[in-house]
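*Asks:* A structural model of the following input is requested.
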Amino acid sequence: MRDSPWLPLVHRGLRWSDLDLDNRVLYVRHQVQRRRGVLYDDDPKSRRRRAVPLPALCIAPLRWHRMRQSDARTKAGERWRDSDYVFATRTGRPVEPCNLYRSFTRVAESAGLRVIRLHDARHGTATLLTAAGVAPRVVMEILGHSQISITTDVYMHVVQDTQREAMSHMDRLLRKRRPGRD
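*Replies:* Predicted coordinates for the structure are as follows:
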């Protein structure tokens, strides 16, 4: 797990049963929370269960990770706790949030990237989708926001930048087509 550059793409409560790798779908059904020092499963934030399409580039690393985890299960023997977590410790338990962040930091630094909060990776996804012209309603569904206003309020600057870029394209096209310039 510690060498996986795609580590921040999915949440630490993800289970293998939540993934359909053949159809490239992640099902958000639950999350892991900490309350009074104890990790427990809970419904997703705002109780919204949903299916999220996975980028194709995530499938091979997830399959590779599943094989590595199978080896870890074999090595752990009776110490393995069969929890079905995608991101588990060497004995199958859920990964502690601080350890997940340490792994994320180590991967980012080794790749020469600026270290950010894990939640910022989520913002990065939304920003890239918005900048690529993906409709705000689609971004909202992928992020699991309960209202479109949450998505547009948080990412409006990207929408505005994209609109400016679109108008720049329009300017270039119109300049090329002005009479007398053909």
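*Asks:* surely Asp84 meets Gly13?
*Replies:* No. Using CB atoms under 8 Å as the test, Asp84 is too far from Gly13 to be in contact (10.6 Å). Using the backbone N, CA and C atoms, a C-beta is placed for each residue, glycine as well.
*Asks:* give the helix, strand or coil label for the nearest residue to Thr105 once chain neighbours are set aside.
*Replies:* Spatial nearest neighbour of Thr105, chain neighbours left out: Val115 (5.1 Å); criterion: CB to CB, 6 or more residues apart in numbering. State at Val115, reduced to three classes by DSSP: H, G, I helix; E, B strand; the rest coil: coil.
*Asks:* circling back to that earlier point, more neighbours, Asp84 and Gly13?
*Replies:* Applying other CB atoms under 10 Å to Asp84 and Gly13 shows that Gly13 carries more neighbours, namely 22 against 11.
*Asks:* wait, isn't the more buried one in contact with Arg29?
*Replies:* No. Using CB under 8 Å as the test, Gly13 is too far from Arg29 to be in contact (9.1 Å).
*Asks:* point out where the chain drops to low pLDDT.
*Replies:* Filtered on pLDDT under 70, the chain yields the residue ranges 1-12, 31-33, 39-40, 42-48, 156-159, 162, 177-182.
*Asks:* all the strands of it, residue numbers only.
*Replies:* According to DSSP state E, the chain carries its strands in the segments 19-20, 25-28, 31-35, 38-42, 50-53.
*Asks:* same list (the ones you listed) but as JSON lines, adding distance to Ile59.
*Replies:* JSON lines is the format used below for the strands of the chain (distance: least, CB to CB, whole Å):
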{"stretch": "strand 19-20", "distance to Ile59": "9"}
{"stretch": "strand 25-28", "distance to Ile59": "11"}
{"stretch": "strand 31-35", "distance to Ile59": "22"}
{"stretch": "strand 38-42", "distance to Ile59": "25"}
{"stretch": "strand 50-53", "distance to Ile59": "11"}
